[in-house]
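Enquirer: sequence plus the predicted model coming up.
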Amino acid sequence: MKKAIALILALVMCFALAACGSENKSNDPSMKVGFIFLHDENSTYDLNFINAAKAACNELGVEYVLRTNIPEGQECYNAAAELVDDGCTVIFADSFGHEDYMIQAAKEFPKVQFCHATGTKAHTEKLANYHNAFASIYEGRYLAGIAAGMKLNEMIDAGQFTADEAKMGYVGAFTYAEVISGYTSFFLGARSVCPTVTMEVTFTGSWYDETAEKEGATKLIQNGCKLISQHADSMGAPTACETAGIPNISYNGSTQKACPNTFIVSSRIDWTPYFKFAIQAAQKGEDIPYDWTGTLATGSVVLTDVNEPAAAPGTVEALADARAALEAGTLHVFDINTFTVGGEALSSYLADIDTDPAYTPDTEVIADGYFHESEFRSAPAFDVQIDGISLLDTAF
């Protein structure tokens, strides 16, 4: 009977731990770090965060607790409060819609540091224990776009289609600045080497919906798109491309194993540098900035290895040259001389930087000939609809 009771208790504990996520043991008993993720390892976006969380905490020897599948609602605040009760002194969340609930928790637990990826409100809330972070991923997407443009040129030269038929497709999640900045930088990278390229964008209304993403990619392919990329988190679009034999630029990690014939390259944010920075600052009692922007130089913006059998010859070398120019500041992704809006050059633009409920434009972001993305706050603000890109739907 005692053995049966012990077995039942063990099973209960297993289920409890599964519901809470996972945790490790610490070399630093004074520090425990909590992480809140929108989805789990099945989402390429969340997996990227999960891998970085484990890497940073294991390298620093601190204990961590992972909470997965936490919706963008009151459940986020509840998860944050539970992590505080569990002894976490630094808590990270990974999705845009988590922000208001992280702010709620930060106000209630002033001795705990709350760090939120992709958010916009830390610099206006001005809480000592609430912080936003992002990275200049638009530079990574621009580089991936160069790889796309070179592939289009290769297919044009091979007679697969004409230069005027060089159309790409892009599967986006929502019509947020983060997504607009991403698909525009990708397009500009492609057009820097394939000047006739155009692009169609469709949206799914979800960060992770494999069926919708696959259907979106399939629709774009049927519309005549010769190459597909995405800002969405499942294998839906890459799988559709592999099935149709259409080149694909993925996001947040390599899909080469599943899509060996069509995967070219992927860009992603490596969150490990920020996690380490914030944790170490908390350990030392040092301030964490309201906004932190990782770059190519900090190792926060990275590309996977190029799948050379699928990529155009010379892609690796072209990406290295462009990366060097970006890091040197001689190349700017949103150079206003490289795009038009309604046929006109864009010489001035007020962006929504100090976010209010109406998302009121408030800050001039064009100077020195380019749009200063992620320089006034960490989260993307570029939401300009430039010529050459067609939106098939805007409901999201």
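Expert: Yes, it's here.
Enquirer: helix, strand or coil for residue 169?
Expert: In three-state terms, and counting by DSSP: H, G, I helix; E, B strand; the rest coil, residue 169 is strand.
Enquirer: what score does it have for pLDDT?
Expert: Model confidence at residue 169, given as pLDDT, is 98.
Enquirer: with residue 358 instead?
Expert: pLDDT, residue 358: 89.
Enquirer: what's the answer for the one 3 residues further on, then?
Expert: In this model, residue 361 is scored at 96, pLDDT.
Enquirer: going forward, count from 8.
Expert: In the new numbering, first residue 8, that becomes residue 368.
Enquirer: for the closest residue to it other than its chain neighbours, list the residues it contacts.
Expert: The shortest distance from residue 368 to any non-neighbouring residue, by Cβ to Cβ, 6 or more residues apart in numbering, is to residue 357 (3.7 Å). To be clear about C-beta, it is placed using only N, CA and C from the backbone, and glycine gets the same treatment. Taking Cβ atoms under 8 Å, 6 or more residues apart in numbering, we find residue 357 in contact with 368, 369, 370, 371, 372.
Enquirer: return a ChimeraX selection command for the buried portion of those.
Expert: Per 16 or more other Cβ atoms under 10 Å, the buried members of those correspond to this ChimeraX selection:
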select :372
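Enquirer: among the contacts of residue 357, which ones are in helices?
Expert: The helices, defined by DSSP state H, take in nothing from those.
Enquirer: return the member of the contacts of residue 357 nearest to residue 235.
Expert: residue 372 (29.7 Å; Cβ to Cβ).
Enquirer: hang on, the closest one packs against residue 387?
Expert: No: using Cβ atoms under 8 Å, residue 372 is not in contact with residue 387; the gap is 11.1 Å.
Enquirer: between those two, what contacts are shared?
Expert: residue 380.
Enquirer: if we can go back for a sec, please report phi then psi for the residue nearest to residue 368.
Expert: Torsion angles at residue 357 (phi, psi; degrees, to the nearest 10) stand at phi -90, psi 120.
Enquirer: and the gap between it and residue 186?
Expert: 20 Å (Cβ to Cβ, to the nearest Å).
Enquirer: what of residue 304?
Expert: For residue 304, the distance to residue 186 - Cβ to Cβ - is 25 Å.
Enquirer: with neighbour numbers in mind, choose between these two.
Expert: residue 186 (22 against 10; other Cβ atoms under 10 Å).
Enquirer: just say helix, strand or coil for that one.
Expert: helix.
Enquirer: my guess is it meets residue 192, correct?
Expert: No: applying Cβ under 8 Å, one finds residue 186 not in contact with residue 192, separated by 11.0 Å.
Enquirer: residue ranges with poor pLDDT in this structure?
Expert: The model of the chain has pLDDT under 70 over residues 8-36.
Enquirer: go again using 90 as the cut-off
Expert: 8-37, 239-240, 260, 362-366, 402-403 (pLDDT under 90).
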